[in-house]
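**Q** With the input below, show me the fold.
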Amino acid sequence: MKKLLCVVTALCVLATAQAQAQTAPKRELRGVWLTTHLSLDWPNRTQTPLQQRTALMTLLDHNKATGINSVFLQVRSQADAMYASTIEPWSFYLTNAQGVAPDPLWDPLQFAIEESRKRGLEIHAWLNPYRAVSDTGAANEGAPGRYAATHVSKTRPEWMLTIGTVRILNPGLPAVRDYIHTVAMDIVNRYDIDGLHFDDYFYQTGTIADEAAYLADPRGFPNTTAGRADWRRDNVSLLVERIGSSIRAAKPWVKFGISPSGIYRSDPAFPNGTANPSVGSWTATGAFQHFSSSFADTRKWLQSGWLDYLAPQLYWFIGQTGSDYQLLLPWWDLNTFGRHMYIGLADYKMNTTGWTDPSPNNQIARQIAMNRSSVNIGGQVHFRQNFLVANSLAYRSELLNNTYKKPALLPTMPWKSVVAPGSPRSLSATLNANNSVGLSWSAPTGASGEFDKVRRYAVYRAEQAPINVEAAANLVGLTNAGELSFNDGSAVAGKFYFYVVTALNRLHNESAASTAISSDAVPPVVRTRAVTRSLSTGQVSISPADVDSGSSDNWGIDFFNLSKTQFSCADIGVQRVVLSATDKGGNVGSAPAQVTVTGALPVPGMTISNAGTVVTGFPANTVTLGVGAQSLRLTAADLTPGAASNFVWTPAPGLSGLSGFNGASAQFVPTRAGTFTYAVRATNQFGCTADSTVTVVAVDKRRTR
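**A** Residues are numbered from 1 along each chain as shown. Okay, here's the model as predicted:
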């Protein structure tokens, strides 16, 4: 218990500190419930369809501006339809008379899907699975227009289960499960929704008179209090499992999630002992627990993989006695079983007891900070739309200006699919006159399946390349839909950036990044100077810095390149090179430069001398064997003025060096007649070389006996 309290205390302190400073994650669900029951958020049932559409677009615009990325639109609040249905009647809250179609005819769900897509918002169809009549009182159920003759409470009264003042469809009847399944799958099959969403209306609190349903279909559960409770939980679980399976078969990209009340079960050890995640959360045992009160085994649903996400309604403030947000959150964080966990937030309680902390450290901001500090919490859903609009204690302003200021991708669901679209192509950037940066690109090719299709694009920006697309700080924006352009209005004047774009499918699986582009299109200005370099050992090298004379760039030069850096004896004289400069944005500028290479090539000459005095009649390069001098002296010289060369003879028969074979002179001492060619190499003070050859002859005039 001490360890748990330490963790909780640390989380609470962290939440307060991070409410202002915390960096938003790259992926986070930021949802809002848009309630149509009782016209709490929308629509005004006395308005015209045009006015209702305008009002809905205004709310969607408000959500977009706030940083919301998902809308949970209530389309079935009490076995009615906020959409065109042949199964259930038009909602009273749309036309002021249940079963009466809007005039002129329009489909709110279809319209909401289309308008949400335009704003980059996910749209989840929110159903109350079991509620049929929200209030059995005469002022509601008996009021004209509230319940049509075609409503299920009128056509199938035997399916009704009245608990307190609420009538629900009896979860224990197989026919009811079939009916709800039909309604749900009708929506899934006919509408391009992103998700199907159930709220917490399962069994209601009160006396449950379902004896006949149990006796008709006990399925092996004993007729005891515990057995009947397990049977009721199984009734709900059968429906959840079936709908989840049907969605996966029909449209595997559609998400299925449920938002139960915030406490699964209470750990009976509270507030002493050791918390047991498999038993229940660390809350007072007197709290409402949906496992036993609503007969909803949400932990089992997650464990079994029937759901894609759960969104428990944690409608308590941090530090609240009995049910404390900071104690409830860690339990849910430990019970995700590899599925998504989003937290329902009680925006409607802002500025009530316990919820009066001013911004920026208001309760909502602090709770979001705690969510982000939890390993397995993937976001939150705000209850509800009109409270965001009301902006009590400026909490919505805090979301807009701080908490949700940076855009966020939705969390991926790898158990549904890991397929991602191809990468965007041909990214280009234009620096506009107002310092904004306009980006454009081409769509990836080869999209053949639903998961290959691009839903929208993500734009990343950084001052250095390569760009880390996993860093949330680099995510600068998202297109609303499949637009192939984006304008970065947040670029700072005088700064230049790198950009990449990725493609996202409807599950927000992300492609590899495009080729990076920069907002800088101006090449460096390259300035050069002439240089002179003298050869040494036959070589000389220069660097870009030697010929650079103050090159400059508006962003900064990344590196220089010189067309030639090594020179040899063959390059003696004036050479032309090109200095290129590449800036940080990849732009290249260049200019020529003059390099004068000083040095000289040897011009080796050769003299032949004969120390003998006997005239043989043969040329000076000839040794007459048996007559006169029997050797010749070969002497090399460099004829270049001022030269100081060294010489090396190539060893060959008949040639002997006066000092080995190194030196200007060598001696030809033949032992047989013939013509001989000898080579010598001259190397001067610059390391340049040249070869020379000399041909000598030996004639044999010796007498033989």
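**Q** Read off the pLDDT value for the closest residue to residue 519 other than its chain neighbours.
**A** The shortest distance from residue 519 to any non-neighbouring residue, by Cβ to Cβ, 6 or more residues apart in numbering, is to residue 437 (4.5 Å). Yep, even glycine has a C-beta here, placed from its N, CA and C like the rest. Residue 437 carries a pLDDT score of 97 in this model.
**Q** same check, this time on the one 3 residues further on
**A** With respect to pLDDT, residue 440 scores 98.
**Q** Can you pull the phi/psi pair for the residue nearest to residue 519?
**A** phi -120, psi 120 (degrees, to the nearest 10).
**Q** how near is it to residue 489?
**A** Distance, residue 437 to residue 489, using Cβ to Cβ, to the nearest Å: 8 Å.
**Q** what sits opposite residue 540 in the beta ladder?
**A** Applying DSSP bridges to residue 540 gives these bridge partners: residue 567.
**Q** So if I had to pick from residue 437 and residue 489, which one is more boxed in?
**A** residue 437 (24 against 13; other Cβ atoms under 10 Å).
**Q** Now for that one: which residues touch it?
**A** Going by Cβ atoms under 8 Å, 6 or more residues apart in numbering, residue 437 touches 429, 430, 431, 487, 488, 491, 497, 499, 519.
**Q** Retrieve the pLDDT associated with the last one.
**A** I take that to be residue 519. Looking at residue 519, its pLDDT reads 95.
**Q** If you tally nearby residues, what's the number for it?
**A** Residue 519 sits with 23 neighbouring residues when counted by other Cβ under 10 Å.
**Q** Okay, it and residue 109: tell me how far apart.
**A** From residue 519 over to residue 109 the distance is 41 Å, taken as Cβ to Cβ.
**Q** go on, the second one?
**A** Computed with Cβ to Cβ, the distance linking residue 430 and residue 109 is 40 Å.
**Q** of these two, who's got more company?
**A** A count of neighbours by other Cβ under 10 Å puts residue 109 above the other of residue 430 and residue 109, at 21 against 12.
**Q** Could I get the full set of strands for the stretch 201-350 of the chain?
**A** Secondary structure of the stretch 201-350 of the chain (DSSP state E, counting those that start in this stretch): strands at 255-258, 309-310, 340-345.
**Q** coming back round to it: need the overlap of contacts for residue 437 and residue 489.
**A** Going by Cβ under 8 Å, 6+ apart, no residue sits against residue 437 while also sitting against residue 489.
**Q** and the longest helix along the chain, what does it pack onto?
**A** Using DSSP state H to define each element, the chain has its longest helix at helix 225-250. Here helix 225-250 touches helix 174-190, strand 195-198, strand 255-258, helix 298-303, going by 3 or more Cβ pairs under 8 Å, 6 or more residues apart in numbering; DSSP states H and E.
**Q** out of the ones you listed, nearest to residue 609?
**A** Residue 609 lies closest to strand 255-258 among the helices and strands packed on helix 225-250, at 104.3 Å (Cβ to Cβ).
**Q** Give the burial count for the residue nearest to residue 553 when sequence neighbours are not counted, as a bare number.
**A** Distance criterion Cβ to Cβ, 6+ apart; nearest residue to residue 553, sequence neighbours excluded, is residue 524 at 3.9 Å. Neighbourhood size, residue 524 [other Cβ under 10 Å]: 25.
**Q** In contact with residue 524, which residues are there?
**A** When the contact criterion is Cβ under 8 Å, 6+ apart, the partners of residue 524 are 551, 552, 553, 557, 581, 582, 583, 587, 588, 589.
**Q** Could you do residue 94 as well?
**A** 36, 43, 45, 52, 82, 102, 108.
**Q** how about those residues in TSV, adding distance to residue 266?
**A** TSV is the format used below for the contacts of residue 94 (distance: Cβ to Cβ, whole Å):
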residue	distance to residue 266
36	33
43	39
45	40
52	43
82	36
102	45
108	39
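**Q** State the pair within those that is farthest apart.
**A** By the measure Cβ to Cβ, 36 and 102 form the most distant pair in those, at 13.2 Å.
**Q** Have a look at these two and say which one is more surrounded.
**A** The neighbour comparison of residue 36 against residue 102 (other Cβ under 10 Å) goes to residue 36, with 23 against 18.
**Q** Run a quick neighbour tally on the residue lying closest to that one once chain neighbours are set aside.
**A** Distance criterion Cβ to Cβ, 6+ apart; nearest residue to residue 36, sequence neighbours excluded, is residue 74 at 4.4 Å. Per other Cβ under 10 Å, the neighbour tally for residue 74 reads 25.
**Q** ok, now residue 240?
**A** When neighbours are counted by other Cβ under 10 Å, residue 240 comes out with 22.
**Q** what's it in contact with, if anything?
**A** Contacts of residue 240 (Cβ under 8 Å, 6+ apart): 198, 258, 301, 306, 307.
**Q** mind checking pLDDT for the closest residue to residue 511 other than its chain neighbours?
**A** Once flanking residues are discounted, residue 511 sits nearest to residue 503: 4.2 Å by Cβ to Cβ, 6+ apart. pLDDT recorded at residue 503 is 98.
**Q** three-state assignment of residue 503?
**A** Classification of residue 503 using DSSP: H, G, I helix; E, B strand; the rest coil returns strand.
**Q** That one touches residue 454, doesn't it?
**A** Yes - with contact taken as Cβ atoms under 8 Å, residue 503 and residue 454 are classed as touching, separated by 4.6 Å.
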